[in-house]
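S.K.: What shape does this take:
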Amino acid sequence: MKRLLVIDDELGARESIRAIFSGLYEVLVAESAPRALELISRTHIDLILLDVIMPGMDGMVFLRTARDIFPDIPVIMISASFNNQSIEEARQLHAVGFICKPFDIHEIRNLTAQTLQAADSTRQQRLLQQEISRKFPVNVIGESASIRQVMDAAKAASHTDASVLIIAEAGVGREHLARQIHSWSRRHAEPFVKLDRGGRDTDALNAELFGSVTDITGSKINAGMIDLIGQGSIYLNDVQNFPADTQKRIATAIRQREFTRPGSPLTGVPQAIPHVARFFLACAPDHEGLLPELAACCSDHLIPIPPLRERIEDIPILTMHYIGQLRTSLNARISSVEPEAMQKLQAYPWPGNVRELRNVIERILFLHGDDDVLRTAFLPKEISGDLLPTIDPMAISFHQATDQLHRQMILSALQQSNGVIKNAARLLNVTPRILQHRIDKLKIDVRQF
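M.R.: Numbering: from 1, shown residues only. Predicted coordinates for the structure are as follows:
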């Protein structure tokens, strides 16, 4: 049974509240602030009902002084009257509600029940955050079957020195996975470096990666990334965009564990790469631009990561992870998510994947951090459903964009029809058979509605 603490100097008020909650909650009473502090110090309290005006230390002073002692106990203020100043002051001290004397039985019972329910939800989500941090220390987050397969493959890859090819859309956490594997491996104390092509031409990219020789004698050498990592790991992002010549050099370096510096004489002796140096390659799902010979060098460890829209069961876990990760630095109070808001987050197709989700959570915490709950009203319009999502044609293919649009339309229809395919098909003006085919193709779980 939940335990309430009533702090009021008036005996009649204390006994009145005790009678209102008789049989519903265990009610402790305190006639003064010192007595209340004594009770809080030696017993668990789920909710405090605090009178504003008391002799000695009044309610506001008590709340301000004692917040360090019970930061997580919700407090409802009670008084014969409230003014705007006292309400604002109490809100700043994280009071969650206000009840006027004489008490309305239904009002005080409803507010108390709602407050206790919200506190339970916050506590559960805090435990979830702690469990996430324990299980996933580097930021590869999720408990879906597909992510468990990814993590199993990552574990296997961490026990070898073989190169790894991570196949996934941008924003799903390809670099995080590479870092996770590196952190699990025996090279965890060695460097982990990253290289994007950026705007570099072939010569500049080759020099950045392999170094260069600046004179014909070979006596002046500019070291490349491979020299600098020693026995560490190098992560090549969007390797399908690297020039063919660079990809061939990478393939040779992986296969033979040696390379020739660009600019060295043709008769020069190749310099050996340390045998435990390791390559992590990341490329888009369509593989377009990736040389087959380079892909073949990673054939033992090909790890595909599904996009976020195909593992919506991970969205609540990721959302709470980012709230827990970002709220302190942004000085935000949000610690839980409104159920409707979570449904909206799960219905959105996330073209930018996990990275986009993190950016959305960060923006909400920055703009609405004074609230305790992430609400539907805080979501961007393309997520809340007021607008169709903006799709970047440079980020995804036409077919991906079409699938995302179809997914959003189907999810919206299923939500309106409570998961009844026949009714959803009528809303979409298609036959149930066609809708079922699209649901199967897009891997939509109808059981969520």
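S.K.: what sits up against stretch 430-440?
M.R.: For stretch 430-440, the surrounding residues in contact (C-beta atoms under 8 Å, 6 or more residues apart in numbering) are 406, 410, 421-422, 424-425, 428, 446. No exception for glycine: its C-beta is placed from N, CA and C like everyone else's.
S.K.: what about residue 435, distance to residue 421?
M.R.: Distance, residue 435 to residue 421, by C-beta to C-beta, to the nearest Å: 6 Å.
S.K.: What of residue 296?
M.R.: Residue 296 sits 43 Å away from residue 421, going by C-beta to C-beta.
S.K.: So if I had to pick from those two, which one is more boxed in?
M.R.: residue 421 (17 against 12; other C-beta atoms under 10 Å).
S.K.: Next, count neighbours for residue 114.
M.R.: With other C-beta under 10 Å as criterion, residue 114 counts 12.
S.K.: Sketch out the low-pLDDT regions of this structure for me.
M.R.: Residue ranges of the chain with pLDDT under 70: 68, 121-140, 214-221, 263-276, 386-399, 401, 416, 429.
S.K.: buried ones in stretch 99-109?
M.R.: By 16 or more other C-beta atoms under 10 Å, the buried positions in stretch 99-109 come out as 99, 103, 108.
S.K.: Just give the nearest non-adjacent residue to the spatially most central residue of the chain, would you?
M.R.: By C-alpha atoms, centre = their mean, the chain has its centre lying nearest to residue 318, at 3.2 Å. Nearest residue to residue 318 in three dimensions, chain neighbours excluded: residue 141, at 5.2 Å (C-beta to C-beta, 6 or more residues apart in numbering).
S.K.: The one you found: what's it in contact with?
M.R.: 132, 147, 314, 317-318, 321, 354.
S.K.: Kindly confirm my reading that residue 280 forms part of a strand.
M.R.: Yes. Under DSSP: H, G, I helix; E, B strand; the rest coil, residue 280 falls within a strand.
S.K.: Touching, it and residue 161? I think so.
M.R.: No. No contact is recorded between residue 280 and residue 161 when judged using C-beta atoms under 8 Å, the distance being 12.0 Å.
S.K.: More neighbours: which of these two?
M.R.: Per other C-beta under 10 Å, whichever of residue 280 and residue 161 has more neighbours is residue 280, with 27 against 14.
S.K.: Can you tell me the element residue 231 falls in?
M.R.: Using DSSP states H and E, residue 231 sits in no helix or strand.
S.K.: again, but for the one 3 residues further on
M.R.: Remark: residue 234 resides in strand 233-236, with elements defined by DSSP H and E.
S.K.: which helices and strands does that strand pack with?
M.R.: With contacts taken as 3 or more C-beta pairs under 8 Å, 6 or more residues apart in numbering; DSSP states H and E, strand 233-236 sits against helix 174-184, strand 192-195, strand 278-283.
S.K.: With only the CA atoms kept, save the following helix or strand past the second one in CSV.
M.R.: With elements assigned by DSSP H and E, the helix or strand that comes after strand 192-195 is helix 202-210. Taking Å, rounded to 0.1, in the frame of the first residue of the first chain, the C-alpha atoms of helix 202-210 are listed here in CSV:
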residue,chain,number,x,y,z
THR,A,202,42.3,10.5,-54.9
ASP,A,203,45.8,11.7,-54.3
ALA,A,204,44.9,13.6,-51.1
LEU,A,205,42.8,10.7,-49.7
ASN,A,206,45.6,8.2,-50.4
ALA,A,207,48.2,10.4,-48.7
GLU,A,208,45.9,10.9,-45.7
LEU,A,209,45.4,7.1,-45.3
PHE,A,210,48.8,5.7,-46.4
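S.K.: Use 357 as the first number from now on
M.R.: Will do, 357 is the new start, and the previous item becomes helix 558-566.
S.K.: Just give me how far helix 558-566 sits from the chain centre.
M.R.: Centroid separation for helix 558-566 versus its chain: 35 Å, with C-alpha atoms, centre = their mean, to the nearest Å.
S.K.: residues making contact with it?
M.R.: For helix 558-566, contacts defined as C-beta under 8 Å, 6+ apart pick out 551, 553, 556, 568, 578, 580-582, 590, 598-599, 601-602, 605-606, 609, 615-619.
S.K.: what about 7 Å?
M.R.: 551, 553, 556, 578, 580-582, 598-599, 601-602, 605, 615, 617-618 (C-beta atoms under 7 Å, 6 or more residues apart in numbering).
S.K.: circling back: of the contacts of stretch 786-796 - the most surrounded one?
M.R.: residue 780 (26 neighbours).
S.K.: Next up, phi/psi of that residue, please.
M.R.: phi -60, psi -40 (degrees, to the nearest 10).
S.K.: Tell me if I'm right that it and residue 771 touch.
M.R.: No. Counting by C-beta atoms under 7 Å, residue 780 does not reach residue 771; the two are 8.8 Å apart.
S.K.: ok, residue 360 - how many residues close by?
M.R.: With neighbours defined by other C-beta under 10 Å, the count for residue 360 comes to 22.
S.K.: for residue 565, same thing?
M.R.: 22.
S.K.: How about residue 697?
M.R.: Neighbours around residue 697, by other C-beta under 10 Å: 21.
S.K.: can you map out the strands along the stretch 457-606 of the chain?
M.R.: Assigned by DSSP state E, counting those that start in this stretch, the stretch 457-606 of the chain shows strands spanning 520-523, 548-551, 568-569, 577-578, 589-592.
S.K.: With just CA atoms, put the host helix or strand of residue 455 into CSV.
M.R.: Residue 455 is part of strand 453-456 when elements are defined by DSSP H and E. Provided in CSV are the C-alpha atoms of strand 453-456 (Å, rounded to 0.1, in the frame of the first residue of the first chain):
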residue,chain,number,x,y,z
GLY,A,453,-0.2,20.1,-7.6
PHE,A,454,-2.4,22.4,-5.5
ILE,A,455,-5.5,21.7,-3.4
CYS,A,456,-7.6,24.3,-1.7
